[in-house]
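> only geometry, no sequence info:
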């Protein structure tokens, strides 16, 4: 429990109490945005947006890289009661335009880095009335800092909290907006889920939180907004670098940090002298989520950082949450914990609840109600007849109620009538010293329907070959059952998003009509 035990929970409070306290520190430059500046600039931007006709429930879109100005936009939307959608700036122009149009954004805020995409789609965005940029003005886009500097100050014009509407990563098709059916939350009040996270992980004014992931990702933006809401300091990395992350922990005495498993792998692959280079003693809590973590990788992280590694399982949908600390995970290796929000049900394809130990589709009840924006068919597909909802993952509960995930339902490989879970194979292969990243998929097989293929991204300086592919298959055989092992291994650059999610749909499409060959390599 931290010293801050009661609200209100918003930046205006801390701007009054300690206006010069750093709210956001930009990792590469060390530039600081204080609470006083964040409060003033976001309030003036909210008043400007209000003067342009925007009000509670309206949508805006944000297409910016990680930077301090990101938070000015988010807090302006939050305090005006707007729904704001962060857009993955790695998307193609058509994909970005689809999201902006689909969410019905009345305003679009971009940065200099995303100018080219914004220029290419600007004339197609008929519903966008306000276009702003953090860089030099162009076309219809005005400079946001000039707007804020010239805007009139005054009291807040909104009375209720805004909300974020994330879009799915598009791992199985076109991105879907995730809309939450929330009651009106008065400005400065925590939602129940935010309240849990704040108290469970000890967030307060003394928190210094390192965010190495892109802010368009739910965990990155959600946690940083929470830290600012309770008066802490956010250290934001423009992009992840393993050694730079350790440097920032020492430089800013970081207390809390959140990573995805691929970041763990890259930190573990640092040389011993690099891992010992910086003082990490300020860390109180290291959190990971967003993607499955190989047990061996997590075990090594606990050995390195100590018993401060926490994991949670949830989705942008907010329909449920599990959590587990280091000690409990070590006693139950592989678990993602017990439910702390909602109740878990494991269900078969016919909707029947399964007994402990049986793999099935993971459903939650009791969490936040949600729907996929403008897609009632997709919304219905994730609802059980009893009203429970699922993220599409497969797993089982043990007798004590601990949840173990096997894989995504859409990633399941069916070979000769046997279910094969790619995650188990990926957890084995990631331990090979040449492997930087790996994705396992099912490819067509005339006799068995599907067979297992591993697509491996090698560490820089290592060249793929048939011999190395055969070595990796043999390595797999030493760790898991033979029927689960890859029949072939290809080498390529993998489409993993910075938020940790693998675009397996893209990988499967590469092989949909290809003949299968054993233990071959493909140039990246």
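Cool, the structure landed. What you are looking at is a predicted structure, and each value in this text was computed from that prediction instead of being measured.

> quick one: the helices in the stretch 251-400 of the chain?
261-268, 272-275, 295-305, 326-331, 376-381 (DSSP state H, counting those that start in this stretch).

> for the first one, which positions count as buried?
Judged by neighbour count using 16 or more other Cβ atoms under 10 Å, the buried positions of helix 261-268 are 261, 262, 263, 264, 265, 266, 267. Bear in mind the C-beta positions are built from the backbone N, C-alpha and C, glycine included.

> Make TSV out of those residues and add pLDDT and distance to residue 394.
Below are the buried residues of helix 261-268 laid out as TSV (pLDDT from 0 to 100; distance: Cβ to Cβ, whole Å):
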residue	pLDDT	distance to residue 394
261	87	18
262	85	21
263	91	25
264	93	23
265	87	23
266	90	28
267	95	29
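
> for those residues, which one is nearest residue 150?
Of all the buried residues of helix 261-268, residue 263 has the smallest distance to residue 150: 40.8 Å, by Cβ to Cβ.

> Which residue, other than its chain neighbours, is closest to that closest one?
Nearest non-adjacent residue to residue 263, counting by Cβ to Cβ, 6 or more residues apart in numbering: residue 240, 5.8 Å away.

> can you check residue 429 too?
In space, residue 429 is closest to residue 438, 4.7 Å off (Cβ to Cβ, 6+ apart).

> Phi and psi next, for the one you found.
Residue 438 adopts backbone torsions of phi -150, psi 140, taken as degrees, to the nearest 10.

> pretty sure it contacts residue 456?
Yes: proximity of residue 438 to residue 456 meets the contact threshold set by Cβ atoms under 8 Å, at 5.1 Å.

> So which of these two has more stuff around it?
Under the criterion of other Cβ atoms under 10 Å, the comparison of residue 438 against residue 456 puts residue 456 first, with 28 against 25.

> what's near enough to touch that one?
Contact partners of residue 456, counting by Cβ atoms under 8 Å, 6 or more residues apart in numbering, are 429, 434, 435, 437, 438, 464, 472, 489, 490, 491, 492.

> for those residues, which one is nearest residue 75?
Proximity of the contacts of residue 456 to residue 75 (Cβ to Cβ) peaks at residue 437, which lies at 35.0 Å.

> Can you read off the pLDDT for that closest one?
In this prediction, residue 437 carries a pLDDT score of 93.

> now do residue 519
Residue 519 is assigned 44 on the pLDDT scale.

> again, but for residue 8
At residue 8, the model reports a pLDDT of 81.

> repeat for residue 318
So, for residue 318, pLDDT stands at 89.

> So the residue nearest to residue 263 versus residue 232, what's the distance?
21 Å (Cβ to Cβ, to the nearest Å).

> Those two - which one has more neighbours?
Using other Cβ under 10 Å, the more surrounded residue of residue 240 and residue 232 is residue 232, with 24 against 20.

> Now do the shared contacts for residue 438 and residue 456.
Joint contacts of residue 438 and residue 456 (Cβ under 8 Å, 6+ apart) are residue 429.

> which residues in the stretch 301-450 of the chain form strands?
For the stretch 301-450 of the chain, the strands defined by DSSP state E, counting those that start in this stretch cover 309-313, 321-324, 338-341, 343-347, 360-365, 370-372, 389-397, 403-408, 413-415, 418-420, 435-445, 449-458.

> now swap in the stretch 51-200 of the chain and tell me
59-63, 83-86, 105-110, 130-133, 142-143, 163-164, 178-180.

> pLDDT on the longest one, on average?
When pLDDT is averaged along strand 105-110, the result is 98.

> now it and strand 59-63, what's the angle there?
If you take axes from the mean of the first three to the mean of the last three Cα atoms, to 10 degrees, strand 105-110 sits at 20 degrees to strand 59-63.

> Distance from the chain centre to strand 105-110, please.
Centroid separation between strand 105-110 and its chain, computed with Cα atoms, centre = their mean, to the nearest Å, is 22 Å.

> same question, stretch 370-385
Worked out by Cα atoms, centre = their mean, stretch 370-385 lies 21 Å from the chain centre.

> Poorly predicted segments of this structure, please.
Within the chain, the stretches with pLDDT under 70 are 1-7, 169-173, 182, 417, 513-524.

> tell me the domain ranges of it?
Domain assignment of the chain by automatic domain parsing yields the ranges 11-267, 292-409, 412-511.

> Next, the distance between the ends of the last one.
The one in question is domain 412-511. Using Cα to Cα, to the nearest Å, one end of domain 412-511 lies 16 Å from the other.

> Find the nearest non-adjacent residue to residue 42, please.
residue 75 (3.7 Å).

> gap between the residue of the chain most remote from its centre and residue 416?
No residue in the chain sits farther from the centre than residue 447, which is 38.5 Å out by Cα atoms, centre = their mean. Distance of residue 447 to residue 416, given as Cβ to Cβ: 8 Å.

> follow-up on the earlier one: dump the residue contacts of the residue nearest to residue 263.
By Cβ under 8 Å, 6+ apart, the contact list for residue 240 reads 212, 213, 263, 266, 498.

> if I look at the closest residue to the second one other than its chain neighbours, how far off is residue 71?
For residue 213, ignoring the flanking residues on the chain, the nearest one in space by Cβ to Cβ, 6+ apart is residue 220 at 4.1 Å. Separation of residue 220 from residue 71 (Cβ to Cβ): 12 Å.

> and for the strand or helix carrying residue 16, what are the contacting residues?
Here residue 16, judged by DSSP states H and E, is contained in helix 11-17. The contact list for helix 11-17, computed with Cβ under 8 Å, 6+ apart, reads 7, 21, 23, 35-36, 38-40, 42-43, 75, 156, 188, 205, 228-229, 231.

> check contacts around residue 80.
Counting by Cβ under 8 Å, 6+ apart, residue 80 touches 46, 49, 50, 54, 55, 56, 157, 158, 162.

> now do residue 54
Residues near residue 54 by Cβ under 8 Å, 6+ apart: 60, 80, 82, 106, 107, 130.

> re the thing from before, relative to residue 281, which of the buried residues of helix 261-268 is nearest.
Using Cβ to Cβ, the buried residues of helix 261-268 come closest to residue 281 at residue 267, 16.4 Å.
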